[in-house]
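Q: Structure of the sequence below:
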Amino acid sequence: MAYGYTPAERAELDARARVILDACPDVGSFIRRSLSPDPGHETLVYLRTALDPDPVVTRAGAFLGLVEAARLWLRRNGVGPQDVVAILAPNVTAVSIAAWAAMSHAVVQPLNLLFSREAIAAQLAAVDAKVVFVPPPGSPGGLYEKVADLGALAPSLETIVILPMDGRVAFGDEPLAPALPPARPETARPDAVAALLPTGGTTGAPKVVPLTHRNIVASATASMLALDVRADDRIVIALPLFHVGGAFCTSLSALGAGATMILPTAGGFRNPEVVANYWRILDRQRATIGGLVPTGLAAAAEAPAEGCDRSRLRLFATGASVCPPEIERRFLRVWPGDCVRQIYGMTEFAGAITQTPSDRAQRPGSVGLPAALVEVAVLAGDTIHRGASPVGEILARGPQMFAGYLDPRQHGASFHDGWLRSGDLGRIGDDGEVYVTGRAKDVIIRGGHNIDPTAIEDVAMRFPGVGLAAAVGRPDAYAGETPMLFVTPSPGAAIDPEGLARFVAAGVIEGPARPRAIVAIADMPMTPVGKIYKPRLRELAAEAAAGEALAAALCGAAFEVSAGHRDGVLVVTARVPAPLVEDARAALGRFPFGFDTLPL
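A: You can find the predicted model right below:
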């Protein structure tokens, strides 16, 4: 079978998606469509510990009844269809019920668990959130403490509701019992906003993505069809519900197919016990579909797998960032065969833009084919290419596409002639497959020479002992940027720094792309969903460049240097002896970053 869709196959795929989208105008009807026919089917399995001998099981009938009970609770407590219900809690049974009920009855705002108290307050205030659901006081992560007594920081917030983390479903002191669904369930308008998702950084004005019921159902439908999710599938959910991958590409697509969702503890793949026992969990839970971000795949490849039955597993989805080929090779040594399926998407598109379908082998380097009802193009120069293309910015459109940020002033260059601009560089292949070659802002520009960081990272990942590798631009007074490589070791391994430097120098063909500096760090900075957090690496690179310049300019005097981002701008702060402030300013003024010089 050819990799790309024939026109007839593509037409059939889109037609199947439209039938579901027409039949299910909102999230609630999408869930009821598949769960109502078989009330005894296992819908949600929650593991309180990694190897929980008696997991908490919620069956389809009870799941629908609990969502209805939660919806009625919201209405009794003064939450209307236009009100915003925030959720700051990990993946547990009560959170799943609260999320889908809030999305069906009102507007849900899932919050990043790693946001600071200040960032959470800004998010709540930006959307006038009325209610927030959180774990009990003293729970890991201090989530309750982050929202307690916010006062004037979030003036719209009226109620903090405690959710249990042990698999029970209760709102505060009130246990929820399944309610009988009404004969004529409420439905929301397809164009009504169902979710408000934060995106971007944690500093500056909050950037909020409104997603409608139609956006969300279209996204879940496309993922469900691409992976051929069926009612007999058992899917391990690794991504949190505050991420479109965890909420719509996996959880809602599982609900839409009537499949079984498995939540491996509240910590998910951030729980070391889950990582160490990952293959045993899949074996015990008879999982058929797994999913991890690329860094998670790397960790899974190192986890013990001896004696674990993996015969039921048919697919492994990976997304949030492009999976490096070396990580996929390591993973396939543990689970040989054609199993990995790449997903590429973004919050503003409610999930997947492209996916490798279940009936196509993963093409090396590709992120798959456009998802159902999605069109993809590439903007190269002033030309939009809808077929095979040169490298340019990836564009997408379809019913999944959001209409714009909550604050219209933040739209910026988000759209181009009706297309959503991804900010990612890539190309379209001869069979319609899409390749992501990098993030536009991740490109390292050395003296006008554009350098793709993956060309450095892929080489470094092949060196023995390297677990993760990330290249960023290190500020340079003359070239603007030079490549700097950060690596972390695989578990139990040690990295030979001199050997790595020789290996990378030999393997990176372009001279300008060879890293000027290679640094081994104990832990790679990560986002909450497991993507390498390159802004922090850029800060470390700026600190290294500034520190080197100050050491030379200040003739051995003591100083302190730190870097951070302010409203998206990289700023270095240097503390130096008062008589040397002007010398420090002269040294730092040659670099392409903002800076502050303060007396030590």
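
Q: so where's the stretch 301-450 of the chain uncertain?
A: Counting by pLDDT under 70, the stretch 301-450 of the chain contains low-confidence residues at 447-449.

Q: Would you map the helices across it?
A: Along the stretch 301-450 of the chain, the segments classed as helices by DSSP state H, counting those that start in this stretch run 325-334.

Q: Against Tyr405, how distant is Val209?
A: In this structure, Val209 and Tyr405 are separated by 6 Å, where distance is defined by C-beta to C-beta, to the nearest Å. Just so you know, the C-beta spots here come from the backbone N, C-alpha and C atoms, and that holds for glycine as well.

Q: Neighbour count for those two, which is higher?
A: Here Val209 and Tyr405 are set side by side on neighbour count (other C-beta atoms under 10 Å), and the busier one is Val209, at 23 against 19.

Q: The helix or strand that one falls within: what's the following helix or strand?
A: Assigned by DSSP states H and E, Val209 falls within strand 207-212. From strand 207-212 onward toward the C-terminus, using DSSP H and E, the following helix or strand is helix 213-226.

Q: Quick one: list the elements packing against that next one.
A: If contacts are counted by 3 or more C-beta pairs under 8 Å, 6 or more residues apart in numbering; DSSP states H and E, helix 213-226 sits against helix 7-23, helix 27-35, strand 193-199, helix 253-257, strand 340-346, strand 351-355.

Q: angle of the last one against strand 207-212?
A: Between strand 351-355 and strand 207-212, the angle formed by their directions is 80 degrees, by axes from the mean of the first three to the mean of the last three C-alpha atoms, to 10 degrees.

Q: cool, and the fifth one?
A: Direction vectors for strand 340-346 and strand 207-212, defined by the same axes, to 10 degrees, enclose an angle of 110 degrees.

Q: cool, and the second one?
A: For helix 27-35 against strand 207-212, the angle by the same axes, to 10 degrees is 60 degrees.

Q: On the C-terminal side of helix 27-35, identify the next helix or strand.
A: strand 42-47.

Q: hmm, back to that, as JSON lines, the helices and strands packed on helix 213-226 with mean neighbour count would be great.
A: Below are the helices and strands packed on helix 213-226 laid out as JSON lines (neighbours: other C-beta atoms under 10 Å):
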{"stretch": "helix 7-23", "mean neighbour count": "14"}
{"stretch": "helix 27-35", "mean neighbour count": "22"}
{"stretch": "strand 193-199", "mean neighbour count": "23"}
{"stretch": "helix 253-257", "mean neighbour count": "26"}
{"stretch": "strand 340-346", "mean neighbour count": "24"}
{"stretch": "strand 351-355", "mean neighbour count": "30"}
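
Q: Can you give me the buried ones in the longest helix along the chain?
A: Longest helix in the chain by number of residues (criterion: DSSP state H): helix 534-553. Of the residues in helix 534-553, those buried by neighbour count under the rule 16 or more other C-beta atoms under 10 Å are 534-547, 549-550, 553.

Q: Output the strand holding Val209 as CSV, restricted to C-alpha atoms.
A: What follows is strand 207-212, C-alpha atoms only, in CSV (Å, rounded to 0.1, in the frame of the first residue of the first chain):
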residue,chain,number,x,y,z
LYS,A,207,-2.2,33.9,26.3
VAL,A,208,-5.5,31.9,26.2
VAL,A,209,-6.9,29.7,23.4
PRO,A,210,-10.7,29.5,23.3
LEU,A,211,-11.8,26.2,21.7
THR,A,212,-15.4,25.5,20.6
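
Q: Output the contacting helices and strands for that strand.
A: Secondary structure elements in contact with strand 207-212, counted by 3+ C-beta pairs under 8 Å, 6+ apart, are helix 117-127, strand 193-199.
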